[in-house]
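Student: would you be able to build a 3D model of this:
(3 chains)
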Amino acid sequence: MAGITITGLSTVYPNGVRAVDMLDLDIADGELFALLGPSGCGKTTLLRTIAGLEGAAEGTVGIGARDVTRLPPGDRRVAMVFQDYALFPHMTVAENIAYPLRVRGVAKPVQRETAVRTAGGLSLGGLLERRPGQLSGGQQQRAALARAVAASAEVLLLDEPLSNLDARLRLEARTFLKKLQRELELTTVFVTHDQAEALALADRIAVMDTGRIRQLGTPREVFQRPADTFVANFIGSTPMNLVPRGSEIIGVRPEYLAPAAEGLFTGSVSIVENLGVTSLVTLDCGEDQVGYVVPEDQEPAVGTAVTVAAPAARVLRYDKETGLLVR
Amino acid sequence: MVRRIGCYVLIAVVLAFFAVPMLWLASAPFDAKPGLGLRWPDWTLANVSATFDHPYALTSLVNSLVLCAIATVVTTVLAALAAYALSRVRIPGRDLLLYLLLLLSSVVTGTAAMVPIFVLMLQLGLINSQFGTALVIAGGMLPAAIFILKDFMDAVPRSYEESARVFGAAPRQVLGHVVLPVARPGVATIFVWAFVNAWGNFLLPFLLLRDVGQQPAAVLLRTLYDEGGSADLSVIPVFSLLYSIPVVALYLFVSKRYGFRFHGGVKS
Amino acid sequence: MDSSGLGVRRAVAFVAPALVLVGVFLVFPALWTLYIGITDYQLTGPAAAHPRVVGLDNVVNAVRDPLFTNSVWLTALFVLGSAVVGQNALGFALAWLLRTVRPGLRRTVEGLVLLAWILPGTVVAYLWFAVLSRDTGTLGVLLGSPQTAWLVQYPMTSLVVFNVWRGTAFSMLLYTSALAAVPPSQLETARLMGASAWQTVRDVVFPHIRGHVLTNTLLISLWTANDFTPFLLTAGGPNHRSEVLPVLIYRQALESGQLGYASAMSLLLLVGNLAIALVYLRLLRRRA
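Tutor: Residues are numbered from 1 along each chain as shown, chains lettered A, B, ... in the order given. Take a look at the predicted model:
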């Protein structure tokens, strides 16, 4: 169990592109931390740099009290689960789980005992003698997690842990993962491009873009007060309304807008999209399109004129030039 | 309808064309009066014992085994190491190297290089050396072996190695625990291919192993024909059969297990 | 990306042993041929201990030597007859015909054809002695002319037929997989339009496999030109009438002891191989 300290970290690709650019980050001991961003933002590179699979061009990586920047992956006491789980197809599940111990030369009976115990903790008990190819997607994921747990590392790294699972399975796995991390109290960093996943799971999130952190905060902070228009756009199941007004951009989430006598935006209903329990209504306000959310069975007819307002605390103002939040 | 008959007639002719020459191998070894031609044999096993009694027959089979074993092991091990490194690490000049290897393997054939190889081995004093000849054979097979094995190595997912490394495995362990087991079909293929090639290789042993006691089966079979001007047909057919069996057995084994699939024009 | 963690230094160490062997036994001989070819090196005699450089004399002599030109001509015949035409045509024919045949029959035919390819060369030579020899040879018996010594009276023809038998397997396998890649929908369209087999091959199949035909032809030509097996059957006889280049080189080098001269001829063969291989690789690249 240890925190992660990153200072001034830069990772450069052979073609000169800075995948991670002068990054500072402190991850607390026992925290479940998310690296969130679109493809190519550097989140996976950052994860791999923490693991030691990529070399840092500048800066340092610390795990606990140790500076691990120059250490090979095997010496960092980290465990990693890859996107494709990387379960060795020629070994049984038990042998896979025990692999970190085998590498260290632990005695066979202890290897076996640990594998059985860890597998039991992740509901893999009856599958120990199977090969990975005989497991379902969810079982494979748990097996990969079991192997990481068996490694008794100080830090757990997960690269897109849920993206290979079916949509339905994903939600179950999400809850499972959160529970597991709580029990283990293991510092965990995971990479995802799914903002809903990050919001649901993480204690804190770092939203990244082109190698830099755009915002660092709890899910609530990132959701309610995005630090700039990029984050505002990225977070939220429905895109945030970003409407230019003068020298600023007004940002309001569709979920916070409701019809009122007087308000921020007025327009006529152009599109209504059914989202299940709610519906997304798009207002044509001349130059701008504004969306707001209504409960089911309250959708207005197309063409109706509607004015919408939001609580003052939920209306954000961004500088038009920099995109940053105006205090 | 006519077309179908014509098709089958053609196939029958082809079948006969390929099968008839091989029938000799089934009849002559067990014929009391063997000849250079097909005839219904006077069934006997006397030829078999005559072959075993021949001073050089069994020796040469052992020689073949030794020669092929050395050549095959050297080729497989060196090619596996080189293919792994070339697959994973961006060594400067790698692509050029691969191209040159491919070029070399086609251009420098045993025939084209027979003179300098003979002179080289002569001057190194390695004429009549099993080990030396095995190395020459291995050298000739290496470029193609590296090429084929590299493709197999490329197909091993990189996440496997990275996973093992994160769990603390040294490169030696990564190779042994993870990469080789996953690449095993490829390594096995090269092993068999190299063995079959070396087993049938005539020119190089013919050139370099001049002493009858050193000759592998490929060469002895020829020597038996030349000695005394006429062929000793009580021994030659049996010996041919014995000599052919390992190759045929290996072929059957590989095609049953892995099947002969084509892969850009190269057997894989 | 180096997922193995080897690093450049260790990687070079992994590659080095293979490269050393290749360097010593492939690269060096190829280059040394150049050198030996310009000397009068011989197996025995004064020129064995102290060879002198004779420049391009060997090459010039070779080009003027009727034995050499005869050999080149015979080799060309051999390659054209058995590879370019024989193996190609038979390989394709088999690949085409066997598509529509029962799996059991198909496997049998393919198995026999393959067996002809993998049996060791010396054994195969005997199999064909048994077919082609005078008095008892199978061919003579079948045709009712047992007095014909086929290898003596028709040496090149015998060699060509032999090599077609020997090497068709490769072309057959190659064309089988090439044909499998032709979209079945196109073949069916042709059939629905009433195209004959020949028309289908010409108009639908050939455009798809044109590249394969060319590369296959180049490869088997290269192999055939360098094939030493004719030595086992005729040893160049009778009287040089079947002396293809590999046999000539061998006899000049080890029977006549003219190492320098043989080297010059080997050099010419190497250059020929190089030309074919370069074209072959360029075509492969373009296709990939």
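
Student: show me which residues of chain A sit near chain C.
Tutor: Within chain A, the positions lying close to chain C (C-beta under 8 Å from any C-beta of the partner chain) are A:53, A:72-73. In short, each C-beta sits where N, CA and C put it, glycine included.

Student: keep only those of these that are in helices.
Tutor: Nothing among the residues of chain A next to chain C maps onto helices, per DSSP state H.

Student: could you report the separation of the residue of the stretch 151-268 of chain B found nearest chain C from B:Pro181?
Tutor: Closest residue of the stretch 151-268 of chain B to chain C, C-beta to the nearest C-beta: B:Arg158 (3.5 Å). Separation of B:Arg158 from B:Pro181 (C-beta to C-beta, to the nearest Å) stands at 16 Å.

Student: do B:Leu122 as well
Tutor: Taking C-beta to C-beta, one finds B:Leu122 at 43 Å from B:Pro181.

Student: now do B:Pro216
Tutor: Going from B:Pro216 to B:Pro181 by C-beta to C-beta gives 33 Å.

Student: swap in A:Gly133?
Tutor: Plainly put, A:Gly133 is 14 Å away from B:Pro181 if you go by C-beta to C-beta.

Student: looking at these two, which is more packed in?
Tutor: Set A:Gly133 next to B:Pro181 and count neighbours by other C-beta atoms under 10 Å in any protein chain shown: B:Pro181 wins out with 16 against 9.

Student: was I right to think that one contacts A:Glu95?
Tutor: No: with contact defined as C-beta atoms under 8 Å, B:Pro181 does not count as touching A:Glu95 (11.1 Å).

Student: okay, and the common contacts of these two?
Tutor: A:Phe88 (C-beta atoms under 8 Å, 6 or more residues apart in numbering or on different chains).

Student: burial count for residue 215?
Tutor: Just so you know, I chose chain A. Residues near A:Gln215, counting by other C-beta under 10 Å, number 22.

Student: wrong one, chain C
Tutor: Residues near C:Thr215, counting by other C-beta under 10 Å: 19.

Student: grab the longest helix from the chain for me.
Tutor: Going with chain A. Chain A, longest helix under DSSP H: helix A:167-184.

Student: wrong one, I was asking about chain C
Tutor: Assignment by DSSP H; longest helix in chain C turns out to be helix C:259-287.

Student: touching chain B at all, it?
Tutor: Yes: using C-beta under 8 Å from any C-beta, we find that helix C:259-287 touches chain B at C:259, C:262-263, C:266, C:269-270, C:273-274, C:276-278, C:280-281, C:284.

Student: repeat that for stretch A:131-144.
Tutor: No: figure legend: stretch A:131-144 not in contact with chain B (C-beta under 8 Å from any C-beta); closest approach 8.5 Å.

Student: quick one on the thing from earlier: export the longest helix of chain A to CSV, keeping only CA atoms.
Tutor: Extracted in CSV, the C-alpha atoms of helix A:167-184 (Å, rounded to 0.1, in the frame of the first residue of the first chain):
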residue,chain,number,x,y,z
ALA,A,167,-22.5,-3.5,-21.9
ARG,A,168,-24.6,-5.4,-19.4
LEU,A,169,-21.6,-7.1,-17.9
ARG,A,170,-19.8,-3.9,-17.6
LEU,A,171,-22.2,-2.5,-15.0
GLU,A,172,-21.9,-5.5,-12.8
ALA,A,173,-18.1,-5.6,-13.2
ARG,A,174,-18.0,-1.9,-12.2
THR,A,175,-19.7,-2.5,-8.9
PHE,A,176,-17.5,-5.6,-8.4
LEU,A,177,-14.3,-3.6,-9.0
LYS,A,178,-15.3,-0.9,-6.6
LYS,A,179,-16.1,-3.4,-3.9
LEU,A,180,-12.9,-5.3,-4.5
GLN,A,181,-10.7,-2.2,-4.2
ARG,A,182,-12.5,-1.1,-1.0
GLU,A,183,-11.7,-4.5,0.5
LEU,A,184,-8.1,-4.6,-0.6
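
Student: where does the stretch 151-268 of chain B dip in pLDDT?
Tutor: B:226-232, B:258-268 (pLDDT under 70).

Student: contact residues of it facing chain A?
Tutor: B:157, B:159-160, B:162-170, B:173, B:177-178, B:181-182, B:184.

Student: now do the helix or strand harbouring B:Ala12, average pLDDT.
Tutor: Element membership of B:Ala12 [criterion: DSSP states H and E] is helix B:2-27. What helix B:2-27 shows for mean pLDDT is 88.

Student: check which helices and strands that helix sits against.
Tutor: Judged by 3 or more C-beta pairs under 8 Å, 6 or more residues apart in numbering or on different chains; DSSP states H and E, helix B:2-27 is in contact with helix B:236-257, helix C:88-98, helix C:103-118, helix C:121-132, helix C:138-143, helix C:155-180.

Student: burial measure for the residue in the stretch 151-300 of chain A positioned nearest to chain C, as a count.
Tutor: Per C-beta to the nearest C-beta, A:Asp159 is where the stretch 151-300 of chain A lies closest to chain C, at 13.6 Å. Per other C-beta under 10 Å, the neighbour tally for A:Asp159 reads 22.

Student: surely it meets A:Gln83?
Tutor: Yes: shown here, A:Asp159 and A:Gln83 form a contact pair, counting by C-beta under 8 Å, at 4.9 Å.

Student: pLDDT-wise, which helix or strand of chain C ranks last?
Tutor: None of the helices or strands of chain C scores lower by mean pLDDT, DSSP states H and E than helix C:46-49, at a mean of 74.

Student: does it reach chain B?
Tutor: No: counting by C-beta under 8 Å from any C-beta, chain B has no neighbours in helix C:46-49; the shortest distance is 9.9 Å.

Student: report the angle between the axes of the very next helix or strand once past that helix and helix C:259-287?
Tutor: Next along the chain after helix C:46-49, taking DSSP H and E as the criterion, comes helix C:57-64. On the basis of axes from the mean of the first three to the mean of the last three C-alpha atoms, to 10 degrees, helix C:57-64 is oriented at 80 degrees to helix C:259-287.

Student: just the CA trace of helix C:57-64, in PDB.
Tutor: Extracted in PDB, the C-alpha atoms of helix C:57-64 (Å, rounded to 0.1, in the frame of the first residue of the first chain):
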ATOM      1  CA  ASP C  57      40.300 -15.000 -68.300                       C
ATOM      2  CA  ASN C  58      38.100 -17.600 -66.700                       C
ATOM      3  CA  VAL C  59      34.900 -15.800 -67.500                       C
ATOM      4  CA  VAL C  60      36.000 -15.100 -71.100                       C
ATOM      5  CA  ASN C  61      37.000 -18.800 -71.500                       C
ATOM      6  CA  ALA C  62      33.700 -19.900 -70.100                       C
ATOM      7  CA  VAL C  63      31.700 -17.800 -72.500                       C
ATOM      8  CA  ARG C  64      33.700 -19.200 -75.400                       C
END
